[in-house]
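Chemist: Mind folding the following:
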Amino acid sequence: MTELKHLRAEDAHTDSSTAAARFSPAPEVRDFMPADMEAFVNAYDEVWGWEIHADPASMERSTMALAYTLTNLLRADAARTALLPDGRPGALACMRWDVSNSQTHGVEPAHRDLARIRMKTLYERCASRLAATNLGRDCLEFEDDLMAVNHELMGRLPPVPEGGRAELIYLITVREARGLGLGKALMDDFEAACRTRGIGDAFLYTDNHCHWKIYLKRGWSIAAKKRWRAPIEDDAIESMLMRKAMQP
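Modeler: Next up, the predicted model:
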């Protein structure tokens, strides 16, 4: 994807065709790097791109995959990548440490660098391109509607607990990483960071188009949900807000 080239850094990973093996004992987790971007844009497209357009070469489909990935990165205080055995990026988690007060825990230094400025510029370019077509405008409307539904669900949460409230904004794995424990490693990483920071509880948004039941198995509970219809979907979406206490 040529639009990602200027986001690439010297930290780019060497590609490998070696099949991923199961991790022993656990996958490596590190901070997100700009060179990881393309892997997660492609992962989004593989999972949800067909809902936008059947043609993988569709401008709206590829642009929305990039725009949505950028949206989550730009909202995050921190982003973490879990690696495949060959060192390639395999899973991404984006998070905010304290939704009630962004100054309580501070913003990670990585989000004040040039890469963040470039990501914001690239998102604006994507939004402008999508706004030029009917399908593209539907994609933007979907993003706005999703944020509005999430905001409504957020209003149903109990008061913010002592220590603040964190958000697991986004979690996605590439095809080769599925079933290898990378998502689990990133959830462990997020929850451990919340506890270290003294955060009271955490929440996340998901829906029936995602593998939402994995969160139930990890002790998350559904705090609120809503069915609604998006302009780029054939059937109704059931959005869910999940919550989990981070302190004993």
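
Chemist: Beta-bridge partners for the residue nearest to D189 when sequence neighbours are not counted, please?
Modeler: Residue nearest to D189 in three dimensions, not counting chain neighbours: V29, with 5.0 Å by Cβ to Cβ, 6 or more residues apart in numbering. All C-beta spots, glycine's among them, are computed from the backbone N, C-alpha and C. Beta bridges link V29 to A82, judged by DSSP bridges.

Chemist: Contacts only, for V29.
Modeler: R80, T81, A82, L83, A185, L186, D189 (Cβ atoms under 8 Å, 6 or more residues apart in numbering).

Chemist: Dump the residues you listed into JSON lines; add neighbour count and distance to Y123 as well.
Modeler: Converted to JSON lines, the contacts of V29 look like this (neighbours: other Cβ atoms under 10 Å; distance: Cβ to Cβ, whole Å):
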{"residue": "R80", "neighbour count": "20", "distance to Y123": "20"}
{"residue": "T81", "neighbour count": "24", "distance to Y123": "19"}
{"residue": "A82", "neighbour count": "29", "distance to Y123": "24"}
{"residue": "L83", "neighbour count": "20", "distance to Y123": "25"}
{"residue": "A185", "neighbour count": "21", "distance to Y123": "28"}
{"residue": "L186", "neighbour count": "25", "distance to Y123": "23"}
{"residue": "D189", "neighbour count": "17", "distance to Y123": "25"}
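
Chemist: For the residues you listed, which two are the farthest from each other?
Modeler: For the contacts of V29, the farthest-apart pair by Cβ to Cβ is L83 and D189; their separation is 12.2 Å.

Chemist: For this structure, just list every one of the helices.
Modeler: Ranges of helices within the chain are 37-48, 59-75, 102-105, 114-130, 134-154, 182-196, 213-217, based on DSSP state H.

Chemist: Tell me which residues of the fourth one come out buried.
Modeler: Spelled out, it's helix 114-130. Using 16 or more other Cβ atoms under 10 Å as the test for burial, helix 114-130 gives A115, R116, M119, L122, Y123, C126, A127, R129, L130.

Chemist: Can you report how many residues neighbour R227?
Modeler: Neighbourhood size, R227 [other Cβ atoms under 10 Å]: 11.

Chemist: Name the residue closest to the centre of the chain, please.
Modeler: Nearest to the geometric centre of the chain sits Y170, at 2.4 Å (Cα atoms, centre = their mean).
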